[in-house]
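A.B. asks: I would like to see how this sequence folds:
(2 chains)
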Amino acid sequence: AQKITQTQPGMFVQEKEAVTLDCTYDTSDPSYGLFWYKQPSSGEMIFLIYQGSYDQQNATEGRYSLNFQKARKSANLVISASQLGDSAMYFCAMRATTNFGNEKLTFGTGTRLTIIP
Amino acid sequence: DSGVTQTPKHLITATGQRVTLRCSPRSGDLSVYWYQQSLDQGLQFLIQYYNGEERAKGNILERFSAQQFPDLHSELNLSSLELGDSALYFCASSSLALWGETQYFGPGTRLLVL
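C.D. replies: You can find the predicted model right below:
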């Protein structure tokens, strides 16, 4: 069964510092994908970044990068030069194929990030 | 504004009832995803459609069904509603059916079952 674990329920980080949000996963599927989403207090959901299991390089999107360590089964999100607008809930998710051939997306419980001025 | 619209924004109904949530994807996007976010279950992926056909299925209950119409809008039908179905339902769209693509989310429909 697929499982995503986010061990940090909440984090406080000083503005302009880099922050790493942890995500570990468990799957026996050789082909999978990892996502990060952001949900500000206003409630909307924002797709941030995606990493495929066979991608050779770590994914980057602007200030966001995904530190993908396949052997450790971790997919941590790194936000460089944090801003006040980065305060939000962050969800890690994994796509994998079930035994029945269906694609399935499993979410972690989220990390609430607060940026301190 | 992501370009994805969802109606209604809020919905209050009673147990046992049936409701329909509507999603219009961004212009040109062929793929629509439905997600549920509740206090009990957290975030869950429900189902994905691509150009009118079901492409991926997640934790969607048998009481729930969805479809994507020729004009690419999608509807999520929830029937025999229970208190536990109270949640925020998100729709997202992307241009193709590739999971690695950016998904653009709508503002969500907040459903309250009393």
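A.B. asks: The nearest residue to residue A:52 once chain neighbours are set aside: how many residues sit nearby?
C.D. replies: Closest residue in space to residue A:52, ignoring its immediate chain neighbours: residue A:33 at 5.0 Å, by C-beta to C-beta, 6 or more residues apart in numbering or on different chains. Yep, even glycine has a C-beta here, placed from its N, CA and C like the rest. Around residue A:33 there are 20 other residues, counting by other C-beta atoms under 10 Å in any protein chain shown.
A.B. asks: and residue A:33, what helix or strand is that in?
C.D. replies: Using DSSP states H and E, residue A:33 maps to strand A:32-39.
A.B. asks: quick one on the thing from earlier: is the residue nearest to residue A:52 in contact with residue B:98, as I believe?
C.D. replies: No - if you go by C-beta atoms under 8 Å, residue A:33 and residue B:98 don't touch, sitting 9.5 Å apart.
A.B. asks: Report pLDDT for the residue nearest to residue A:52.
C.D. replies: The model reports residue A:33 with a pLDDT of 91.
A.B. asks: likewise residue A:4?
C.D. replies: 95.
A.B. asks: tell me which residues form a beta bridge with it?
C.D. replies: Per DSSP bridges, residues listed as beta-bridge partners of residue A:4: residue A:25.
A.B. asks: wouldn't it be in contact with residue A:96 here?
C.D. replies: No - look at residue A:4 against residue A:96 with C-beta under 8 Å: they stay out of range, at 10.3 Å.
A.B. asks: and chain A, which of its residues are near chain B?
C.D. replies: A:33, A:35, A:37, A:43-47, A:50, A:52, A:91, A:93, A:95, A:102-107, A:109-110 (C-beta under 8 Å from any C-beta of the partner chain).
A.B. asks: Give me the buried subset of these.
C.D. replies: The neighbour-count test (16 or more other C-beta atoms under 10 Å in any protein chain shown) marks A:33, A:35, A:37, A:44-47, A:50, A:52, A:91, A:93, A:95, A:103-107, A:110 as buried among the residues of chain A next to chain B.
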